[in-house]
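Engineer: My questions are about this predicted structure, shown below with the sequence.
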Amino acid sequence: MSRLVIENLSKAYKRYNSKLGRLIEWMIPFSGPRHSVKWIIQDINFTVEPGESLGIIGVNGAGKSTLLKMITGTTKPTTGSVKVNGRVAAMLELGMGFHPEFTGRQNAYMAGQLLGITVEEISRLMPEIEEFAEIGPYIDQPVRVYSSGMQVRLAFSVATIIRPDLLIIDEALSVGDIYFQQKCIERIEKFKNQGTSILFVTHDFSALHKICDKAVLLASGRCQYIGKTVEVVERYYGYLNNSKAVVKEESHVQQRFVKINKFVKDVIILNDLNEPVNCMEVGKNYSFEISCSGLGEYSDPHVGFRMQDRLGQVLYETNTFCQKTDLENKKLDRIRFSFKNNLTPGEYTLAMGIESGGHGDGLFDTVISLTERIISFQVIDNPDINKWAGIFNIEPTISVN
């Protein structure tokens, strides 16, 4: 029996232009509607089996939180149905709705009872809750003095003190420190191995790859794609970028490009099979391919790129001048930079520049075009290579005398 079955699930809200219109519609129902309908979620269908983990991703406003609220029963769907088989534990907001004036211990009792745990069971399990949360004497202090990380520690400890049949987490783990995140993931994986199903909403794609077997991409309230986690992340990054799309049907990869100008027409990432991708695995070979036009009127043109992490830190920058590649008198339809990806897993952006008249250590007389964040991409872990930590892998060789 499936743990969770979602069928044709939709949610709409009424929007009124004014309070007067709302009052007239309520007082004089036969006067006609005074509202418009805004669909937040439309026609969602999927199932989750026992022991299966499903990630839900999408941009802000895609409908992720509304979907989870309907699954947990805190919001009623407009159409469709939700069938849950078994006990549910959910963390849909920071602190699970803890009362700020009550102590952590008192809130633990209240939250536990809302999850269907008896007072006697909570009293018996309280030492385990305190041990996992690791907030020390703050357990007997009002929650209003807690940091956001302390609230998450206590909330997760209570929600998972008894293994649920379905565990739902909405972004909550992103607040805690890395040590506590690791503890939480260990407990989630333990539950999963014991048959708990997981629904996980996150923007942390490293955690998504680690926890989830498959994922759903939501966009504008609709399910755009459901499949293996790596495929869905590919689609997500394709959706993030704008206007122009290249679709490869056989690999189900959709790539979109951003900030196109009259000199840069396309920028794509290619794997070693020359297939467009949005995700790169650590240790594999890839290429940035830039399609250019209109450079023939410039003498000594050059093309370069810059990679930056999510904080804007420059990780690598080069151009054809610095790489001693002469582009003059050559057809400049496509320029390809090929490399082995040794970046650590994470999110990155690419900036693209076109210049002319190179000299010195990479200086130019004319900047023809400079486009920041022209494309974004994701680097994911590769379980087949040796483990390492840091910004990039230097691939050391080891000799022992």
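Structural biologist: Sure, I can see it. Residues are numbered from 1 along each chain as shown.

Engineer: Break the protein into its domains for me.
Structural biologist: Following the TED database, the chain resolves into domains at 4-240, 264-380.

Engineer: What distance do you get for Gln308 to Ser376?
Structural biologist: Look at Gln308 and Ser376: by Cβ to Cβ, to the nearest Å, they are 10 Å apart. For the C-beta atoms, the positions are set from N, CA and C on the backbone; glycine is no exception.

Engineer: joint contacts of those two?
Structural biologist: Common neighbours of Gln308 and Ser376 (criterion: Cβ atoms under 8 Å, 6 or more residues apart in numbering): Tyr348, Thr349, Leu350.

Engineer: helix, strand or coil for Pro164?
Structural biologist: Per DSSP: H, G, I helix; E, B strand; the rest coil, the local secondary structure of Pro164 is coil.

Engineer: tell me, how many neighbours does it end up with?
Structural biologist: Residues within reach of Pro164, counting by other Cβ atoms under 10 Å, total 20.

Engineer: Could you pull up the residues touching it?
Structural biologist: Gly86, Arg87, Val88, Ala89, Leu115, Phe191, Thr196.

Engineer: can you rerun that using 7 Å?
Structural biologist: Arg87, Val88, Ala89, Thr196 (Cβ atoms under 7 Å, 6 or more residues apart in numbering).

Engineer: about what we covered before: show me just the buried residues among the shared contacts of Gln308 and Ser376.
Structural biologist: Listed as buried from these are Tyr348, Thr349, Leu350; burial here means 16 or more other Cβ atoms under 10 Å.

Engineer: Would you mind putting the residues you listed into a markdown table with secondary structure and distance to Pro383 alongside?
Structural biologist: Listed next are these as a markdown table, based on DSSP: H, G, I helix; E, B strand; the rest coil; distance: Cβ to Cβ, whole Å:
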| residue | secondary structure | distance to Pro383 |
| --- | --- | --- |
| Tyr348 | strand | 20 |
| Thr349 | strand | 26 |
| Leu350 | strand | 26 |
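
Engineer: what about Val367, is that helix, strand or coil?
Structural biologist: Using three-state DSSP, the structure places Val367 in strand.

Engineer: Can you report how many residues lie near it?
Structural biologist: Residues near Val367, counting by other Cβ under 10 Å, number 11.

Engineer: Quick check: closest non-adjacent residue to it.
Structural biologist: In this structure, Val367 finds its nearest non-sequential neighbour in Glu355, 5.3 Å apart by Cβ to Cβ, 6 or more residues apart in numbering.

Engineer: and Glu355, how many residues sit next to it?
Structural biologist: Using other Cβ under 10 Å, Glu355 is surrounded by 23 other residues.

Engineer: swap in Ala207?
Structural biologist: Other residues lying near Ala207 total 19 when counted by other Cβ under 10 Å.

Engineer: would you say it is within a strand?
Structural biologist: No. Assigned with three-state DSSP, Ala207 falls outside any strand and is helix.

Engineer: For Val379, see how far away it is.
Structural biologist: With distances taken as Cβ to Cβ, Ala207 is found 15 Å from Val379.

Engineer: Equivalent analysis for Glu189, please.
Structural biologist: In this view, Glu189 and Val379 are 22 Å apart by Cβ to Cβ.

Engineer: higher neighbour count, these two?
Structural biologist: Using other Cβ under 10 Å, the more surrounded residue of Glu189 and Val379 is Val379, with 22 against 15.

Engineer: Against which helices or strands is whatever helix or strand the more buried one lives in packed?
Structural biologist: Assessed by DSSP states H and E, Val379 sits inside strand 363-380. Strand 363-380 sits against helix 229-240, strand 264-271, strand 279-281, strand 346-359, with contacts defined as 3 or more Cβ pairs under 7 Å, 6 or more residues apart in numbering; DSSP states H and E.

Engineer: Need those in TSV (columns: mean pLDDT and distance to Leu20).
Structural biologist: Formatted as TSV, these follow (pLDDT from 0 to 100; distance: least, Cβ to Cβ, whole Å):
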stretch	mean pLDDT	distance to Leu20
helix 229-240	80	39
strand 264-271	90	51
strand 279-281	91	51
strand 346-359	89	47
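
Engineer: how about TSV for those, with distance to Ser157 added?
Structural biologist: Shown next, in TSV, are these (distance: least, Cβ to Cβ, whole Å):
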stretch	distance to Ser157
helix 229-240	27
strand 264-271	41
strand 279-281	34
strand 346-359	29
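
Engineer: For Thr160, which of those is the nearest?
Structural biologist: Nearest to Thr160, of all those, is helix 229-240, at 22.1 Å by Cβ to Cβ.

Engineer: ok, and for the closest one, which residues are buried?
Structural biologist: Thr229, Val230, Glu231, Val232, Val233, Glu234, Arg235, Tyr236, Tyr237, Gly238, Tyr239.

Engineer: Against which helices or strands is it packed?
Structural biologist: Where contact means 3+ Cβ pairs under 7 Å, 6+ apart, helix 229-240 is packed against strand 53-57, helix 205-211, strand 214-219, strand 222-228, strand 253-257, strand 279-281, strand 363-380.

Engineer: a markdown table for those, including distance to Lys64?
Structural biologist: Listed next are those as a markdown table, based on distance: least, Cβ to Cβ, whole Å:
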| stretch | distance to Lys64 |
| --- | --- |
| strand 53-57 | 5 |
| helix 205-211 | 13 |
| strand 214-219 | 6 |
| strand 222-228 | 11 |
| strand 253-257 | 20 |
| strand 279-281 | 20 |
| strand 363-380 | 18 |
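
Engineer: Thanks again, I'm all set now.
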